[in-house]
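S.K.: sequence and predicted model, in that order:
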Amino acid sequence: MISIPLRHLAGALLLTVVCAGSVGCSSSASMSGWRDAVERYVKDEGGGDPSVLKELTIDRAGTTRGFSLLGGDRATESTDARGVLLAHRPINGQPWFVYLVGIVQNQKTTEVHLAALRIEGGKYVWRTSKKGDDDATKRYVEYTRQLASERLGKRDAALPAYTTFPREDDQFDLDTTGDVVAATHRQSGARWQTTLSGK
C-alpha cells in the first residue's frame with residue numbers, strides 16, 4: 001500500500017501549466033483532452049521518454065506531482081483537468097504512471113477518474129476507470145461538502161479550497177492486486193479502480 005498525503009509530497013519547483021489547442025488554452029478540458037495533452041508533452045518535451053512526467057507539479061508551491069490541463073485563464077470560468085501522480089513504478093513487470101484525475105468546472109469537482117499510462121514501442125497504452133466512478137466521485141464531493149459545512153458554516157461551504165480537486169488535505173492510498181489498480185481517498189473512502197490488462 002502506498003500512502004500519499006498531498007501536502008507532504010516532494011517535487012520539483014515547477015508549476016505545470018499546459019493548455020490545449022494550437023494557440024492558448026482550450027475552453028474546456030476533458031479526460032480525453034488530458035490524455036492527449038500528456039502524450040503531446042511526452043513527445044515534445046521528453047522526446048518520447050515518459051520519465052519527463054515524473055517531476056512535474058500542479059500547485060504553486062511545487063509540492064504536488066501531477067499534470068494539469070487548464071481550460072482557460074480564469075479558474076472561475078473554465079473546466080480544468082487536474083491529474084495527481086499517485087505512482088510511477090513497475091506493476092506486473094511493466095512500468096506505469098498512475099494518476100487520479102479530477103475534472104473541475106468553475107472550481108467545482110464534477111468527475112474523478114483513475115488513469116494509468118505506459119509506453120510500449122512508442123505506443124501509448126492507457127487504462128482508465130469507468131465503472132463506479134460516479135459513485136466514488138459523489139462520495140468524495142459529499143465528504144468535502146460536509147467538511148466545509150462543519151468548519152465554515154453553510155454560507156461559506158462553497159469555497160474553492162473545499163470544492164476543487166485535489167484538496168491540500170487529501171490523502172490517497174494506492175493498492176495493486178494482480179492487474180487491478182485501485183486508489184482510495186482515505187478520508188471519505190471513495191475508491192476508483194481499473195484493470196491494466198486487456199484493451
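M.R.: Perfect, thanks for sending it. Numbers count the residues shown, from 1 in each chain.

S.K.: look at stretch 52-60 and report the distance between its end residues.
M.R.: 19 Å (Cα to Cα, to the nearest Å).

S.K.: just the buried residues of that stretch, please?
M.R.: 53, 56-59 (16 or more other Cβ atoms under 10 Å). All C-beta atoms are positioned from the backbone trio N, CA, C, and that covers glycine.

S.K.: redo the residues you listed as JSON lines? Include pLDDT.
M.R.: As requested, the buried residues of stretch 52-60 are exported to JSON lines (pLDDT from 0 to 100):
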{"residue": "53", "pLDDT": "97"}
{"residue": "56", "pLDDT": "96"}
{"residue": "57", "pLDDT": "95"}
{"residue": "58", "pLDDT": "94"}
{"residue": "59", "pLDDT": "89"}
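
S.K.: can I get those in JSON lines with secondary structure and distance to residue 175?
M.R.: What follows is these, written out as JSON lines (DSSP: H, G, I helix; E, B strand; the rest coil; distance: Cβ to Cβ, whole Å):
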{"residue": "53", "secondary structure": "helix", "distance to residue 175": "22"}
{"residue": "56", "secondary structure": "coil", "distance to residue 175": "24"}
{"residue": "57", "secondary structure": "strand", "distance to residue 175": "24"}
{"residue": "58", "secondary structure": "coil", "distance to residue 175": "23"}
{"residue": "59", "secondary structure": "coil", "distance to residue 175": "25"}
